[in-house]
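Student: Predicted model and sequence below, questions to follow.
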Amino acid sequence: QSVLIQPPSASGTPGQRVTISCSGSTSNIGSNYVYWYQQLPGTAPKLIIIKNHDRPSGVPARFSGSKSGTSASLAISGLRSEDEADYYCASWDDSLSGHYVFGAGTKVTVL
Amino acid sequence: EVQLVQSGAEVKKPGESLKISCKSSGYTYTRYWIGWVRQMPGKGLEWMGMIFPDDSETRYGPSFEGQVTISVDKSITTAYLQWSSLKASDTAMYYCARGTDGYYSDWFDPWGQGTLVTVSS
């Protein structure tokens, strides 16, 4: 079972806004940054949100991240068909000498 | 351009050993952590560990300590993930990815293309 809890699925029609939650604890999200990765079908993951809410160069502005306490969320505004993918939150966890943890992933379906 | 290129797919029998590789280019190799991530069939991402090429400092995820060995040859900018005795449950896609500099890495990008390891009798 993943340390970071995400809903297994989310969906929306083109143009809608979809939000994915990520719930952690004081040893991970509560004291460290949150990162989000997108994994398109059959490809390697790609980093889309850095340090809670920043976007790497080239990531569309319709992707946004936020964090509050021990939870974080990823929002996709103006949903497009090419956004259909698995999304993973991640954070450093200070327990057990420190290690990186991923959420179980959320499958986003564009209806 | 930063690139990580992984070795090809492997098919092995239980009990066999294996070493897969991840060749990096396009940046100062010794300054950034290299991480390894497992993705079992149809499942999510699991962080296995990471290595800092400059001094070979290595950190393992709790589930992988003692199960695999991460190493590096900085002279050829290549990191490795190694098993001494494979199990069927090691069947998965394995990704390497570049981390940050510093005491530890809390994000990884870009990623290699992945190496599919299949363990079957």
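Tutor: Looks like it arrived, so ask away. Because the structure is a prediction, the values reported are computed rather than measured.
Student: and residue 33, how many residues sit next to it?
Tutor: Unless you meant another one, I'm taking chain A. When neighbours are counted by other CB atoms under 10 Å in any protein chain shown, A:Y33 registers 20. All C-beta spots, glycine's among them, are computed from the backbone N, C-alpha and C.
Student: Oops, wrong one, chain B.
Tutor: Taking other CB under 10 Å as the neighbour definition, B:W33 ends up with a count of 26.
Student: Chain A contacts on chain B?
Tutor: B:35, B:37, B:44-47, B:50, B:59-62, B:95, B:97, B:104-114 (CB under 8 Å from any CB of the partner chain).
Student: swap the cut-off to 7 Å and go again
Tutor: Proximity of chain B to chain A (CB under 7 Å from any CB of the partner chain) is limited to residues B:44-47, B:59, B:61-62, B:95, B:104, B:106-107, B:109, B:111-114.
Student: Between which two of those residues is the distance greatest?
Tutor: For the residues of chain B next to chain A, with distances taken as CB to CB, the pair at the greatest spread is B:P62 and B:Q113 (26.9 Å).
Student: Just the ones in strands from the residues of chain B next to chain A, please.
Tutor: Here DSSP state E is the test, and those give B:L45, B:E46, B:W47, B:R59, B:Y95 as lying in strands.
Student: So A:I76 sits against A:R62, correct?
Tutor: Yes: taking CB atoms under 7 Å as the definition, A:I76 is a contact partner of A:R62 at 6.0 Å.
Student: For those two, indicate the residue with more neighbours.
Tutor: Neighbours around A:I76 and A:R62, counted as other CB under 10 Å, are more numerous at A:I76. The numbers are 24 against 14.
Student: residue contacts, B:E65?
Tutor: Applying CB atoms under 7 Å, 6 or more residues apart in numbering or on different chains, we find B:E65 in contact with no residue.
Student: Need phi/psi at it.
Tutor: Per-residue torsions, B:E65: phi -60, psi 130 (degrees, to the nearest 10).
Student: just checking, what packs against the longest strand along chain A?
Tutor: In terms of residue count, the longest strand belonging to chain A (DSSP E) is strand A:85-93. Of the remaining helices and strands, those touching strand A:85-93 by 3 or more CB pairs under 7 Å, 6 or more residues apart in numbering or on different chains; DSSP states H and E are strand A:34-39, strand A:99-102, strand A:106-110.
Student: closest one to A:S21 among the ones you listed?
Tutor: Nearest to A:S21, of the helices and strands packed on strand A:85-93 and by CB to CB, is strand A:106-110 at 8.5 Å.
Student: In terms of secondary structure, what does the closest one contact?
Tutor: Taking 3+ CB pairs under 7 Å, 6+ apart as the contact definition, the neighbouring helices and strands of strand A:106-110 are strand A:9-12, strand A:85-93.
Student: So what touches the longest one?
Tutor: Yep, that's strand A:85-93 we're talking about. Contacts of strand A:85-93 from elsewhere in the structure, counted by CB under 7 Å, 6+ apart, are A:3-4, A:6, A:20, A:22, A:24, A:27-29, A:32-40, A:45, A:72, A:74, A:98-103, A:105-108, B:44-45, B:104, B:106.
Student: How far off centre is that strand?
Tutor: For strand A:85-93, the distance from its own C-alpha centre to the chain's C-alpha centre is 5 Å (CA atoms, centre = their mean, to the nearest Å).
Student: Fine by me, we can end here.
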